[in-house]
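>>> Here you go, sequence then predicted model.
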Amino acid sequence: MEGYILDWANMLLRWVHVITAIAWIGSSFYFVWLDNSLTKPTAPDLKEKGVDGELWAVHGGGFYNPQKYLTAPKSLPENLHWFYWESYSTWMSGFALLVVLYLFNASTFLIDKNVFDMSPGAAVGFAVSYLLIGWIVYDSICRLFNKNDRLVGILVAIYIAAAAYVACHIFSGRAAFLLTGAMVATIMSANVLAWIIPGQRKVVAALKAGQPVDPIHGKRGKQRSVHNTYFTLPVLFAMLSNHYSMTYAHKYNWVVLILIMLSGVLIRQFFILKHKGKINVLWPAAGVAALGVVAVMIAPQPRPAVAKVDGEAAATVSFAKVQEVMNARCVQCHAEQPKMMPTAAKGIKLETPEDIKAHAQLIYQQAVQQKAMPLGNVTQITDDERALLGQWFEGGAKTTN
């Protein structure tokens, strides 16, 4: 029953997380586009009101004319809308999902003993500390070098790359990718909570009190907001990466993660410049080139030919031995009633010859080529057993011999 409840929690939290993330990213992308698409007003009355930029747009059958003030209008409305719950709800639902899926199942999802052998409690402690330290280091960089945006950007990029390397040498590949994304997402939401919104509140309070506005609040908020928009695509990849074991299961998965996150930054740069009317295809070309390097790097390599497995020719590997491996290493998660989870992982069952035959290609990719399964090698499949599965598949994946 506990597993069933956790499955429901996982499903609902994932749903909420996706919904709130869409709202946050959507509003963030919209305001970046809007800010970079504004034109100077020509109407004298707008200039007199202090309008610094405006935009005309049509959407859904209506016409819109958003205006941005150089400082603020002479009087602020009571129903001033704030954009922060999108950020907070995305982080809270994401952290809750991390707790339910990863921290409650640390031995399965966080730990790979071939990477770093640790207890589930230690893994949970490392994971939470990783998120917290990520924010502390990032915020310290921004505080110490706040007058030099370029230097801050370079140092932050170096730190995130180093953090990705560390994560990939402590956690399982799958968890390392997700935790790196969660660390950056924590930075993004903390930027909103600790700097952007408090700064805006101080500006509003000063305006309502008729006091001069300290420009530092706007500068800080702008810097953190710019960082957030560059973080977005890398975080999205990290959150989706658990569906693509070819990335996180590679020997040099930290290089894969860094290059794909870099490609997201380069592609985002293209769109930011495009909003300003500047088209430079070198940015997306560089991003695609980085992805191309990854594609070549992680491409499946031909397995070295092995004449025999336990005395049998590769073409005649006994299916009985294949089924022994399935029963010893795979059915714990892939069965009608698995022992390690409430239902078969991804609905895949590997109990019968028909099941195994139907999923032969997937078994070969996940267990032999990418070595991504079992998760964290929790059932301790051996290299010899992987070789046996590979030779069985390459010999035609027969179930009758």
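Now that the structure is in, tell me what you want to look at. Residues are numbered from 1 along each chain as shown.
>>> What average pLDDT does the lengthiest helix in the chain get?
Secondary structure of the chain per DSSP state H: the longest helix is helix 2-37. The average pLDDT within helix 2-37 is 91.
>>> name the helices or strands packed onto that helix?
Packing partners of helix 2-37 (3 or more C-beta pairs under 8 Å, 6 or more residues apart in numbering; DSSP states H and E): helix 85-98, helix 216-240, helix 253-275. C-beta coordinates here come from the backbone N, C-alpha and C atoms, glycine included.
>>> And the shortest one, what does it pack against?
With contacts defined as 3+ C-beta pairs under 8 Å, 6+ apart, the secondary structure elements packing on helix 85-98 are helix 2-37, helix 173-191.
>>> Try it again at 6 Å.
The elements that helix 85-98 packs onto, with contact taken as 3 or more C-beta pairs under 6 Å, 6 or more residues apart in numbering; DSSP states H and E, are helix 2-37.
>>> ok, now the last one?
Helices and strands in packing contact with helix 253-275 are listed as helix 2-37, helix 149-168, helix 216-240, helix 282-297; criterion 3+ C-beta pairs under 6 Å, 6+ apart.
>>> Could I get those in CSV, plus columns for mean neighbour count and distance to residue 359?
Listed next are those as CSV, based on neighbours: other C-beta atoms under 10 Å; distance: least, C-beta to C-beta, whole Å:
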stretch, mean neighbour count, distance to residue 359
helix 2-37, 15, 21
helix 149-168, 18, 28
helix 216-240, 19, 22
helix 282-297, 15, 25
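>>> With residue 264 as the reference, name the closest of those.
helix 216-240 (3.1 Å; C-beta to C-beta).
>>> roughly how far out does the helix or strand that that closest one is followed by sit from the chain middle?
On the C-terminal side of helix 216-240, the nearest following helix or strand under DSSP states H and E is helix 245-248. When distances are taken as C-alpha atoms, centre = their mean, to the nearest Å, helix 245-248 is centred 13 Å away from the chain's centroid.
>>> repeat for stretch 365-376
Mean C-alpha position of stretch 365-376 versus that of the full chain (C-alpha atoms, centre = their mean) differs by 21 Å.
>>> start to end distance for it?
Stretch 365-376 has an end-to-end distance of 16 Å (C-alpha to C-alpha, to the nearest Å).
>>> Please apply the same query to stretch 102-111.
So stretch 102-111: terminal residues 10 Å apart, C-alpha to C-alpha.
>>> Look at the residue nearest in space to the middle of the chain and report its pLDDT.
Residue closest to the mean C-alpha point of the chain, counted by C-alpha atoms, centre = their mean, is residue 238 at 2.2 Å. According to the prediction, residue 238 has pLDDT 96.
>>> who are the neighbours in contact with it?
Taking C-beta atoms under 6 Å, 6 or more residues apart in numbering, we find residue 238 in contact with 177, 180-181.
>>> Show the buried residues in those residues.
The neighbour count (16 or more other C-beta atoms under 10 Å) marks 177, 180-181 as buried among the contacts of residue 238.
>>> isn't residue 188 right up against residue 229?
No: Residue 188 is beyond contact range of residue 229, at 9.3 Å (criterion: C-beta atoms under 6 Å).
>>> sorry, back to before: so for residue 352, which of the helices and strands packed on helix 253-275 sits nearest?
Residue 352 lies closest to helix 2-37 among these, at 23.1 Å (C-beta to C-beta).
>>> Would you indicate which residues of the helix or strand that that closest one is followed by are buried?
Using DSSP H and E, the helix or strand that follows helix 2-37 in sequence is helix 44-49. Buried residues in helix 44-49, counted by 16+ other C-beta under 10 Å: residue 46.
>>> can I get the CA coordinates of helix 44-49 in PDB?
C-alpha atoms of helix 44-49 as PDB (Å, rounded to 0.1, in the frame of the first residue of the first chain):
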ATOM      1  CA  PRO A  44       4.000  63.100 -26.400                       C
ATOM      2  CA  ASP A  45       1.500  62.100 -23.700                       C
ATOM      3  CA  LEU A  46       3.300  58.800 -23.200                       C
ATOM      4  CA  LYS A  47       6.600  60.600 -22.800                       C
ATOM      5  CA  GLU A  48       5.100  62.900 -20.300                       C
ATOM      6  CA  LYS A  49       3.800  60.000 -18.300                       C
END
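>>> need the helices and strands packed on helix 2-37 in TSV with distance to residue 27, can you?
TSV is the format used below for the helices and strands packed on helix 2-37 (distance: least, C-beta to C-beta, whole Å):
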stretch	distance to residue 27
helix 85-98	6
helix 216-240	11
helix 253-275	15
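>>> for those, which one sits closest to residue 61?
With C-beta to C-beta, the closest approach to residue 61 among the helices and strands packed on helix 2-37 belongs to helix 253-275: 24.1 Å.
>>> Name the residues of that closest one that are buried.
Buried, per 16+ other C-beta under 10 Å, within helix 253-275: 253-272, 274-275.
>>> Stretch 132-151 too?
Going by neighbour count (16+ other C-beta under 10 Å), the buried part of stretch 132-151 is 134-135, 137-139, 141-142, 145.
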